[in-house]
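Undergrad: pasting the sequence and the predicted model now:
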Amino acid sequence: MKNVAQLLNEMRAAGVVSDYALFGAVAQMRYTEPVATLDADVLVALPSSEGLDVLSPVYEFCAAKGYRPEGEAVRVGAWPVQFIPVFSPLTREALEQADTADFEGEPFRVVRADYLAVIALSAGRAKDFTRILALLEAGSVTPEDIAALAERHRLAEAWKRFKTRFLDD
Amino acid sequence: MTDMRRLLERQAEWQKTRNRLSWPEKVRMAEAVRESLRQLRLAPSGRTGPPSRSGAATPSPRSGS
């Protein structure tokens, strides 16, 4: 995973992406117990979002470094990495507010726990609810944090339903 | 009932110790089970369910994408 961080930092330094942040299960593991996952998901902001394939420069940069596509992902060492352009005001803000963590000496941008929870809330699948519960159980985020962020992103009703279903006695 | 409570307490304590691992250690643990997870996903339908895109729900350990 350290080589993923190095690749992403190089990509940002080269201006291929204006910013990046790890999210999904690998990001979640920063805050909770380990989880099983097959790939690493990375949110990216691109300097230009025009054209049919906005991720072409990303794939070209990876190829130039010797990293080849594998399905929808790019294989970087042990990990298939999926690049996901920011797709909503929530994910854009999650990217802007990401922490810079240390991964074995390499800086690694990673989405904060409260944003992971609210992105999961917006997705609304069973595994996303499990993710929110894990973040709460680990004490990485509070219901109040989630409520405030959900409110700002028009997810107050979804949070209310989640709370009623899983948290209220 | 007491035995069950002890079992749950031990499970909770074990989970807490895993929470306290460093992030790189947790990622290494996830790497270690990835191949098994991939095989499970590829297993024929009826044994472990249909193959699915990475990140789909899996029974245990907790899954994600």
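TA: It's in.
Undergrad: nearest spatial neighbour of A:Pro107, chain-adjacent residues omitted?
TA: A:Thr100 (5.1 Å; Cβ to Cβ, 6 or more residues apart in numbering or on different chains). The way it works is simple: take the backbone N, C-alpha and C, and place the C-beta from them, glycine included.
Undergrad: which bits of chain A sit near chain B?
TA: Proximity of chain A to chain B, by Cβ under 8 Å from any Cβ of the partner chain, involves residues A:1-2, A:24-26, A:28-30, A:32-39, A:41, A:78-80, A:101, A:103-104, A:125-127, A:130-131, A:134, A:138.
Undergrad: of those residues, buried ones?
TA: A:1, A:24-26, A:28-30, A:32-39, A:41, A:78-80, A:101, A:103, A:127, A:130-131, A:134, A:138 (16 or more other Cβ atoms under 10 Å in any protein chain shown).
Undergrad: mind listing which of these are in helices?
TA: Judged by DSSP state H, helices contain the following of these: A:Gly24, A:Ala25, A:Val26, A:Gln28, A:Lys127, A:Thr130, A:Arg131, A:Ala134.
Undergrad: farthest-apart pair in the residues you listed, please.
TA: The most widely separated members of those, counting by Cβ to Cβ, are A:Val26 and A:Thr130 (15.8 Å).
Undergrad: so which residue is smack in the middle of chain A?
TA: In chain A, the residue lying closest to the centroid (Cα atoms, centre = their mean) is A:Phe23, at 1.7 Å.
Undergrad: once you drop chain neighbours, what's closest to that residue?
TA: In space, A:Phe23 is closest to A:Val111, 4.2 Å off (Cβ to Cβ, 6+ apart).
Undergrad: distance of the one you found from chain B?
TA: Taking Cβ to the nearest Cβ, to the nearest Å as the measure, A:Val111 falls 13 Å from chain B.
Undergrad: that residue contacts A:Tyr20, correct?
TA: No. Taking contacts as Cβ atoms under 8 Å, A:Val111 lies outside contact range of A:Tyr20: 10.3 Å.
Undergrad: common neighbours of the two, please.
TA: Common neighbours of A:Val111 and A:Tyr20, counting by Cβ atoms under 8 Å, 6 or more residues apart in numbering or on different chains, are A:Leu43, A:Leu95.
Undergrad: how about the secondary structure of A:Gly66?
TA: Counting by DSSP: H, G, I helix; E, B strand; the rest coil, the backbone at A:Gly66 sits in coil.
Undergrad: show me what contacts it?
TA: Applying Cβ under 8 Å, 6+ apart, no residues contact A:Gly66.
Undergrad: for it, phi and psi?
TA: A:Gly66 adopts backbone torsions of phi 90, psi 10, taken as degrees, to the nearest 10.
Undergrad: then A:Val17?
TA: Dihedral angles for A:Val17 - degrees, to the nearest 10 - are phi -120, psi 150.
Undergrad: what's the closest non-adjacent residue to it?
TA: A:Val44 (4.5 Å).
Undergrad: check which helices and strands the strand or helix carrying B:Arg28 is in contact with.
TA: Per DSSP states H and E, B:Arg28 falls inside helix B:23-42. Applying 3 or more Cβ pairs under 8 Å, 6 or more residues apart in numbering or on different chains; DSSP states H and E, one finds that helix B:23-42 contacts helix A:24-28, strand A:99-103.
Undergrad: export the ones you listed to JSON lines and tack on mean pLDDT?
TA: Listed next are the helices and strands packed on helix B:23-42 as JSON lines, based on pLDDT from 0 to 100:
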{"stretch": "helix A:24-28", "mean pLDDT": "93"}
{"stretch": "strand A:99-103", "mean pLDDT": "94"}
